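K.L.:
this one's sequence-less:
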């Protein structure tokens, strides 16, 4: 019986679909009784040039497949053509071809091909409908191309998702920083108002003294001019003399010395205001997100000044032990944020009198260590393993975002460091931050 010719469609484009349907080739099947020689002639047809095998179908269902490789092996045998040429193709066919439903997902099909098809690839696979009826064939390479395309597409999606995640992460870090700043600003207003109040008072007193001094100098000059003949004595000469007598006790050497003291106090107050504003600026500025050399002791002192009002409000004593440290490569604004989070949590954990916080810095094995220890209420054992989890907080609703320690942990890890915690309920909590001197992480 003469076999029907297969129709080989052009190779399909890489499928965007999630199944094998776009990869289906409408290959006319070989009937089981077709002779080996007739099947060999089919493989010589140019329309079958891209096929590795032809399906053998009986009553609409695939029963096997015959590959070019198998026919070539047989025909290269001595007398192979004579021995097998007139036999039905069932004598040489693979009775267990890879049969896949056209609706099979690409990922699942790729796994099936990897399991079933051996290397080198010598067979195509057979496609059937949901009832197992023959539909056509598929090329292994088409599946690989489709999977590669999907992987590339997913890779692009992952890259875009990662970019969105990084953007959200930066926004989240900045939002947490702004939330921390918001909690500190009210206290800093009080810190600024105190020196601002006595600066204003000193300026007013200085202005009054300078005004009196100016009037005294003017009265004295008027009298001197009259006595030296530089001008005619005026009718107000007596009044000038009375004014001089009244002003002289107020503008003496002691008063001028007091004026100097007032100006010194004013300069000191202005310096305090400048320090507070500078520390707040250093904490909040965005242009310190990149890596640069920084003195950790100065960063710690800056954070302590920002929380100074909270320390005074709760009457918490700070024991500061500053070791000799080399400058480290870090993002100063981010390290400031870590320090402020840890100090703020330590202060809030102290709910009793005689509160104490120890802040110690030192160098050990080429790394900078920052220890922040409080004698507050401590952390429950069941919470200790979760304190660095995002959005986890033991504070009442509205008093904590649950992001402070999570972001601090992330910042320290990005700097190539580690952050550890030890706590005992009723005794206190100790945080240890370890930072490399030379940055190894992103730091930004």
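P.N.:
Looks like it arrived, so ask away. Since this is a predicted model, take the numbers as computed values, not measurements.
K.L.:
switch to C-alpha atoms for all contacts and neighbour counts from now on
P.N.:
Fine.
K.L.:
are we agreed that residue 363 is in a helix?
P.N.:
No - Residue 363: not assigned to a helix; according to DSSP: H, G, I helix; E, B strand; the rest coil it is strand.
K.L.:
list the beta-bridge partners for it.
P.N.:
Beta-bridge pairing for residue 363 (DSSP bridges): residue 368.
K.L.:
surely it meets residue 327?
P.N.:
No - checked against Cα atoms under 8 Å, the pair residue 363 and residue 327 is beyond contact range at 10.9 Å.
K.L.:
any idea which element residue 324 lies in?
P.N.:
Under DSSP states H and E, no helix or strand contains residue 324.
K.L.:
spit out the contact partners of residue 134.
P.N.:
By Cα atoms under 8 Å, 6 or more residues apart in numbering, the residues touching residue 134 are 57, 60-62, 126-128.
K.L.:
can you flag the buried ones in the residues you listed?
P.N.:
For the contacts of residue 134, a burial check counting by 16 or more other Cα atoms under 10 Å picks out 57, 61-62, 126-128.
K.L.:
would you map out the domains in this structure?
P.N.:
Structurally, the chain divides into domains by automatic domain parsing as follows: 21-138, 158-284, 287-444.
K.L.:
so which of the buried ones among the contacts of residue 134 is the closest to residue 343?
P.N.:
Residue 343 has its nearest neighbour among the buried ones among the contacts of residue 134 in residue 127, at 66.7 Å by Cα to Cα.
K.L.:
picking that back up, out of the buried ones among the contacts of residue 134, list just those in strands.
P.N.:
57, 61-62, 126-128 (DSSP state E).
K.L.:
show me what the helix or strand containing residue 337 is packed up against.
P.N.:
For residue 337, the host element (DSSP H and E) is helix 332-349. Counting contacts by 3 or more Cα pairs under 8 Å, 6 or more residues apart in numbering; DSSP states H and E, helix 332-349 packs against helix 253-284, helix 296-306, strand 367-374, helix 404-414.
K.L.:
what average pLDDT does it get?
P.N.:
For helix 332-349, mean pLDDT rounds to 89.
K.L.:
direction-wise, compare that helix with helix 404-414 and give the angle.
P.N.:
With axes from the mean of the first three to the mean of the last three Cα atoms, to 10 degrees applied, the angle from helix 332-349 to helix 404-414 works out at 140 degrees.
K.L.:
re earlier: dump the ones in strands among the buried ones among the contacts of residue 134 to a markdown table, plus pLDDT and distance to residue 78.
P.N.:
Converted to a markdown table, those look like this (pLDDT from 0 to 100; distance: Cα to Cα, whole Å):
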| residue | pLDDT | distance to residue 78 |
| --- | --- | --- |
| 57 | 96 | 30 |
| 61 | 95 | 34 |
| 62 | 96 | 31 |
| 126 | 95 | 31 |
| 127 | 96 | 35 |
| 128 | 96 | 37 |
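K.L.:
closest one to residue 206 out of those residues, please.
P.N.:
Nearest to residue 206 among these is residue 127, at 98.7 Å by Cα to Cα.
K.L.:
how about the helices in the stretch 101-250 of the chain?
P.N.:
With helices called from DSSP state H, counting those that start in this stretch, the stretch 101-250 of the chain shows them at 106-116, 140-227, 237-247.
K.L.:
low-confidence ranges, the stretch 251-400 of the chain, go.
P.N.:
Segments of the stretch 251-400 of the chain classed as low confidence (criterion: pLDDT under 70) are 251-256, 258, 279-289, 391-392, 394-400.
K.L.:
rerun that using 80 as the cut-off
P.N.:
Where the stretch 251-400 of the chain drops to pLDDT under 80, the residues are 251-262, 265, 268-269, 271-290, 390-400.
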